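Participant: Okay, predicted coordinates and the sequence, questions at the end:
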Amino acid sequence: MKFIFSLVVSIMLVSCVSNKTKILQNNILTLRDSYCKAPLQYNYTQKLPSYNSDSIISANSHLKNYFSDQSILILNALSSIDEVEDILKYKKDGSLEAQVKVLQLKTKINSKISISLTELDAVAAEFDCEGERVAQMANYVDNINANNNNKLILFSIITGAVTSVASGIIKNDTAENIVSIGGGLLGAGLGLATFNPKGKKVEFIHERNLLKDIWDEKLQSQNFPPFIWYMYTERKFTGNREHSIIQNMKQRWINYQFDNDEDSASRSVNFGTGGFYRSSDLQNRASMLNQMQSATRTINQNINYLLLDLDKLISDS
């Protein structure tokens, strides 16, 4: 009977641990303000260029001898078509004054390109910062869940050992059966608890949600510079030219982050203004932010081709 009393005490201790764990889970960490966003909100005066890309390319078909279709669209987005026209006009002159004009016009175009490149860097940096921030929180949650599981496994092993020893010591059949059944149920309960797929969660509030704008495919976004948003949403800047950068990205998210379940993706806490995040939600968010960072940096390739075309235009006699 003393042993049964000891077993009861052990069960009570486990119950106390469970209560402490429950209190810990109820003590939910809340994240609100992000240190990744810019300290000031810049009011961009630039408007989105026309999405009628075929008409733009057709109207400037004479520039195709010098620029690719994508470069023409970027020049149009930067309001630099007229400057390129003037460069072509002054190059025909050949005078020293005309050469100076050409260099001035090129400098003006380069200045606009430099601003667009800094915008790209700023957006990519915010995606990178947010991705690291969320990944850090996911690791924090995973560590807590792992510690809780380790405790449950330890108690399960102890329960099994105690039950086995008790069964060998107790001579009374009724008491032995009670101990065996009780110990088995307790061990099974602890074992099943280690397979809990939810674990600890955090409350993550994000009124400024860059992923929401990507998911909604808005015509215009206040969270991105107009030029960057144009590059995201114009189909001509992708390899197949059938879908835009964010359309391709959204489809990949559905396929790989949400197992081809678009309804589940639409309900995801990742695309709202915030809510309760499990570890899997945080990992998905970190992955999607990092993917958008990579997609943003690939736009540099388009601008690089434009710079090469522009240098070739200036250097050709």
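Facilitator: Great, that's in hand. Quick caveat, the model's predicted, so the values are computed rather than measured. Residues are numbered from 1 along each chain as shown.

Participant: make it CA atoms for all contacts and neighbour counts henceforth
Facilitator: Fine.

Participant: now stretch 303-312: how far from the chain's centre is it?
Facilitator: Stretch 303-312 sits 31 Å away from the centroid of its parent chain (CA atoms, centre = their mean, to the nearest Å).

Participant: And the average pLDDT for it is what?
Facilitator: For stretch 303-312, the mean pLDDT works out to 95.

Participant: can you check stretch 220-229 too?
Facilitator: Per-residue pLDDT over stretch 220-229 has a mean of 90.

Participant: List the buried residues for it?
Facilitator: Within stretch 220-229, the residues that qualify as buried are Phe224, Pro225, Pro226, Phe227, Ile228, Trp229, counting by 16 or more other CA atoms under 10 Å.

Participant: what would the residues you listed look like in JSON lines with distance to Gln293 and secondary structure?
Facilitator: Formatted as JSON lines, the buried residues of stretch 220-229 follow (distance: CA to CA, whole Å; DSSP: H, G, I helix; E, B strand; the rest coil):
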{"residue": "Phe224", "distance to Gln293": "13", "secondary structure": "coil"}
{"residue": "Pro225", "distance to Gln293": "15", "secondary structure": "coil"}
{"residue": "Pro226", "distance to Gln293": "17", "secondary structure": "helix"}
{"residue": "Phe227", "distance to Gln293": "16", "secondary structure": "helix"}
{"residue": "Ile228", "distance to Gln293": "12", "secondary structure": "helix"}
{"residue": "Trp229", "distance to Gln293": "14", "secondary structure": "helix"}
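
Participant: Go through the residues you listed and say which is closest to Glu217.
Facilitator: Each of the buried residues of stretch 220-229 was checked against Glu217 using CA to CA; the closest is Trp229, at 10.0 Å.

Participant: residues contacting that closest one?
Facilitator: Trp229 makes contact with Gln220, Ser221 under the criterion CA atoms under 8 Å, 6 or more residues apart in numbering.

Participant: now do 10 Å
Facilitator: Leu48, Asp213, Ile214, Glu217, Lys218, Leu219, Gln220, Ser221, Gln222, Asn223, Ile245, Ile246 (CA atoms under 10 Å, 6 or more residues apart in numbering).

Participant: So which of those belong to helices?
Facilitator: Secondary structure assignment (DSSP state H) places Asp213, Ile214, Ile245, Ile246 from the contacts of Trp229 within helices.

Participant: hmm, which of the residues you listed are the buried ones?
Facilitator: Judged by 16+ other CA under 10 Å, buried ones among the ones in helices among the contacts of Trp229: Asp213, Ile214, Ile245, Ile246.

Participant: what's the farthest-apart pair in the contacts of Trp229?
Facilitator: Greatest spacing in the contacts of Trp229, by CA to CA: Gln222 and Ile245 (18.0 Å).

Participant: how far away is Asn223 from Leu310?
Facilitator: 30 Å (CA to CA, to the nearest Å).

Participant: Over to Glu119?
Facilitator: 20 Å.
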